[in-house]
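just a sequence and a predicted model for now, questions to come.
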Amino acid sequence: MLSGYVQKISMKLEKLNFRVWSYAYGGLILLVSSIPADYLPREEMFSIDKLFHVIEYFGFTLLVGFAHIYSVKRRYRMKWIPYTLRIGMLFPIFDELYQSLIPGRISSWLDVIADLSGVTLAIVILAFIYDKYIYKDDLK
């Protein structure tokens, strides 16, 4: 019963274009990073900001991971973890470097650590989903 329900969800997910959504989400991250500091609320060093970083890159990594898992090309599907890790680790670093170029914005390694925590959490969850529900269908 449950496997049939999961299979229906999996078929619906295949129809979504995760690559387009991950590009859009990455663009949104860069757009928010482009906002000058004068227009942002002031915050403390360890505030809710770090939680937002974790959530932001958790969502981004889910989209990138699903884009590789549901890729038409088999090489992307079978190597989704290294591809997703590469993008998930480089994009936050480039984002923080880009933020340092914006007037009043400060790049922080603590933000990168929070971003990478979101990436790691998403990859662990994606690996569980892939192993439990998708891998067997991918071998066919």
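In hand now; what should we look at? Note that the coordinates shown come from a computational prediction; the quantities given were computed from them, not determined experimentally.

ok, now which ones touch the residue most central in space within the chain?
In the chain, the C-alpha nearest the mean C-alpha coordinate belongs to T61, at 1.7 Å (CA atoms, centre = their mean). Contact analysis of T61 by CB atoms under 8 Å, 6 or more residues apart in numbering lists 84, 88, 118-119, 122-123, 126. C-betas here are computed from N, CA, C, even on glycine.

neighbour count, pLDDT and distance to S33 for these - can I get that in a markdown table?
Output for those, formatted as a markdown table (neighbours: other CB atoms under 10 Å; pLDDT from 0 to 100; distance: CB to CB, whole Å):
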| residue | neighbour count | pLDDT | distance to S33 |
| --- | --- | --- | --- |
| T84 | 26 | 92 | 21 |
| G88 | 22 | 93 | 16 |
| G118 | 24 | 96 | 15 |
| V119 | 25 | 96 | 16 |
| A122 | 23 | 96 | 19 |
| I123 | 21 | 95 | 22 |
| L126 | 21 | 92 | 24 |
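
can I get these in JSON lines including secondary structure and distance to Y57?
As requested, the contacts of T61 are arranged in JSON lines below (DSSP: H, G, I helix; E, B strand; the rest coil; distance: CB to CB, whole Å):
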{"residue": "T84", "secondary structure": "helix", "distance to Y57": "12"}
{"residue": "G88", "secondary structure": "helix", "distance to Y57": "7"}
{"residue": "G118", "secondary structure": "helix", "distance to Y57": "4"}
{"residue": "V119", "secondary structure": "helix", "distance to Y57": "5"}
{"residue": "A122", "secondary structure": "helix", "distance to Y57": "7"}
{"residue": "I123", "secondary structure": "helix", "distance to Y57": "11"}
{"residue": "L126", "secondary structure": "helix", "distance to Y57": "13"}
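
re earlier: the residue nearest to the centre of the chain in helix, strand or coil?
At T61 the chain is in helix, as set by DSSP: H, G, I helix; E, B strand; the rest coil.

nice, that's everything, thank you.
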